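>>> sequence plus predicted model, see below.
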Amino acid sequence: MSRPMPLPTQPELKPNSGKPSTGRNRRRTGSPARKRPRAWRAHVVLGAVHCSRFQWDEARTAFDAALDKAALETSEHFFYAAFLAATSSMAEAERVTRSRVKRYPGNPFAKLAKGTLSYLTRRSEFMAAEECAFAALRDDEELWLSYLLLACVRYSVGRVRGMLSSLAEPNIKDAHRLLRMEAFPGAAILCFCLVMDETTEYKERHARKTEMHQRIESLELQSRESYVAPFSIGASASGRE
Amino acid sequence: MSRPFQLALAHLGANEMEAIADLSRACDEGDPKMAWLHLWPFFDPLRELAGFKTLLARLRLP
């Protein structure tokens, strides 16, 4: 049985005056930043969620709230830099990542964040990104993200200038080895295809199974287990010869 | 990791329209990497295609 509705004769509650009269109330109504000093992280994560839904206005509101609570920490967070890059504030994104590298010179992730933005902006024809990846590897040679960034750089340089592309595939392989899984099969296919397009010698030796051809076949088999057979697509792309 | 995004990379060399369809699915799945769709150098070969421009407009990206 449902509870009866309150009678209309109930005394009305007076609105809160906003002036707490006791110490306990004062603590409760303190500013959010003082009350929850680490809440900025929640706003940063919320901003990132809005970004992944492409809700840019909502993302900006969330990041602004985070900045209000912890300006330095928020501005140096990668999610914030990612948001700035997505919304075409690339100069500001690069400024905050540079600042983080200066503040944490031994942090490879700071260098990778800077390198990623340099890659996206094609700074110095990708060479700035490559330098960041190598700097991160000097800090931690087992960081798969560094190898992934190197692979991206070398693929792009290979596509634009026809050099270094043969190095991209080994970099993807290193990233997979450190991750202990083939997390980027599409990127691997792309690198394979570029190398194959450039290597006419490979085309001439197509009838014989080269080491790379065998590698494609084995990756294709693996990809069928955990992915939608992308390697057949890559092989068909490279199989134009 | 997102399969549609990886599939888009795999399709890039073979079938550009298929790659755009994959990117559209990555967008439907809310892949965070799609927030940089207008920036990724990988997708430079697609930039002039109408389907790619439509996708950018859908994501409200420049």
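Nice, I can see it.

>>> okay, now the unreliable bits of the chain?
Picked chain A for this. A:1-37, A:162-164, A:195-241 (pLDDT under 70).

>>> you answered for a different chain; I wanted chain B.
In chain B (pLDDT under 70), the answer is B:1-2.

>>> around chain A, pick out the residues from chain B.
Residues of chain B found near chain A (CB under 8 Å from any CB of the partner chain) are B:1, B:3, B:5-15, B:18, B:27, B:30-32, B:34-36, B:39-42, B:44, B:59-62. No exception for glycine: its C-beta is placed from N, CA and C like everyone else's.

>>> among the residues you listed, which ones are buried?
Among the residues of chain B next to chain A, those scoring as buried are B:3, B:5-14, B:27, B:31-32, B:34-36, B:39-42, B:59, B:61 (criterion: 16 or more other CB atoms under 10 Å in any protein chain shown).

>>> restricted to helices, list these.
The helices, defined by DSSP state H, take in B:3, B:5-12, B:27 from these.

>>> going by contacts, tell me the helices and strands next to the helix or strand encompassing residue A:157.
If you go by DSSP states H and E, residue A:157 is part of helix A:144-161. Under the contact definition 3 or more CB pairs under 8 Å, 6 or more residues apart in numbering or on different chains; DSSP states H and E, helix A:144-161 sits against helix A:108-120, helix A:127-139, helix A:165-179, helix A:185-198.

>>> of those helices, which is nearest chain B?
helix A:185-198 (3.2 Å; CB to the nearest CB).

>>> show me what that closest one is packed against.
Secondary structure elements in contact with helix A:185-198, counted by 3+ CB pairs under 8 Å, 6+ apart, are helix A:144-161, helix A:165-179, helix A:200-204, helix A:211-226, helix A:230-238, helix B:3-12.

>>> circling back to that earlier point, now do the helix holding residue A:157 against helix A:108-120, angle only.
On the basis of axes from the mean of the first three to the mean of the last three CA atoms, to 10 degrees, helix A:144-161 is oriented at 20 degrees to helix A:108-120.

>>> burial of the closest residue to residue B:56 other than its chain neighbours, as a residue count?
Counting by CB to CB, 6 or more residues apart in numbering or on different chains, residue B:38 is the residue found nearest to residue B:56 once chain neighbours are left out, at 5.7 Å. Look at residue B:38: counted by other CB atoms under 10 Å in any protein chain shown, it has 18 neighbours.

>>> report the contact partners of residue B:38.
B:56, B:61-62 (CB atoms under 8 Å, 6 or more residues apart in numbering or on different chains).

>>> from those residues, which single one is nearest residue A:89?
Residue A:89 lies nearest to residue B:62 out of the contacts of residue B:38, by CB to CB, at 11.1 Å.

>>> what's the closest non-adjacent residue to that closest one?
Counting by CB to CB, 6+ apart, residue B:62 lies nearest to residue A:88, which is 5.3 Å off, once chain neighbours are set aside.

>>> can you tell me the SS state at the one you found?
coil (DSSP: H, G, I helix; E, B strand; the rest coil).

>>> what about it, how many neighbours?
13.

>>> and if you look at the one 5 residues further on?
Taking other CB under 10 Å as the neighbour definition, residue A:93 ends up with a count of 25.

>>> list the contacts for it?
Contacts for residue A:93 (CB under 8 Å, 6+ apart) come out as A:81-82, A:84-85, A:117.

>>> could the residues you listed go into a markdown table alongside neighbour count, secondary structure and distance to chain B?
As requested, the contacts of residue A:93 are exported to a markdown table (neighbours: other CB atoms under 10 Å in any protein chain shown; DSSP: H, G, I helix; E, B strand; the rest coil; distance: CB to the nearest CB, whole Å):
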| residue | neighbour count | secondary structure | distance to chain B |
| --- | --- | --- | --- |
| A:81 | 25 | helix | 11 |
| A:82 | 23 | helix | 7 |
| A:84 | 22 | helix | 11 |
| A:85 | 22 | helix | 6 |
| A:117 | 26 | helix | 9 |
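
>>> name the nearest residue to the residue nearest in space to the middle of chain B, sequence neighbours excluded.
Centroid-nearest residue in chain B: residue B:23, 3.4 Å away (criterion: CA atoms, centre = their mean). Excluding its sequence neighbours, the residue lying closest to residue B:23 (CB to CB, 6+ apart) is residue B:8, at 4.8 Å.

>>> is it true that that neighbour touches residue B:17?
No: between residue B:8 and residue B:17 there is no contact under CB atoms under 8 Å: 11.1 Å.
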